[in-house]
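mind folding the following:
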Amino acid sequence: MKRLFLISLVLSNMVLAEGPTDLKKGDQAPYAGTLFSTEDEKKLRQMREDSEYFKKKAELLSIDNKFLEDKSSLWMNQSKELSKQLVSSQNDSFWKKAAFFALGVAATVGAAYAVKGATK
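Residues are numbered from 1 along each chain as shown. So this is what the prediction gives:
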């Protein structure tokens, strides 16, 4: 693509150097240079337009790529933060379960003591 761009740039500058000059067969050219047929000139213009199009497309793809990298980075940071929160909530869960178990044991022992005292 770079080679195509350079060729089209050089050729387009040659074609557009002093503006188009219509020549008929047998006419003498007003300056030294290379003559192109109308078809070749159209091809050169098309190549130049294509090269400009692809440069703009490459710029947009670069911007899109940067946007996606930023978005990916945000998702990764959010994922790490949520993982940390999940781990800390699981650690808290063990202590909560242990506390409720101890409370249940204490309530059962208290109820058993109350029932034993009431039946005596």
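
helices along the protein, start to end?
2-15, 38-119 (DSSP state H).

nearest to residue 30, of these?
helix 2-15 (14.5 Å; CB to CB). C-beta: built from backbone N, CA, C; applies to glycine.

any idea how far residue 105 is from residue 113?
12 Å (CB to CB, to the nearest Å).

where does the prediction get shaky in the chain?
Scanning the chain for pLDDT under 70 picks out the ranges 1-21, 90-93.

contact partners for residue 116?
Residue 116 makes no contacts at all, as judged by CB atoms under 8 Å, 6 or more residues apart in numbering.

how close does the most centrally placed residue in the chain sit to residue 56?
Taking CA atoms, centre = their mean, the centroid of the chain lies closest to residue 68, which sits 2.2 Å from it. For residue 68, the distance to residue 56 equals 19 Å [CB to CB].

one more: residue 94?
In terms of CB to CB, residue 94 sits 58 Å off from residue 56.
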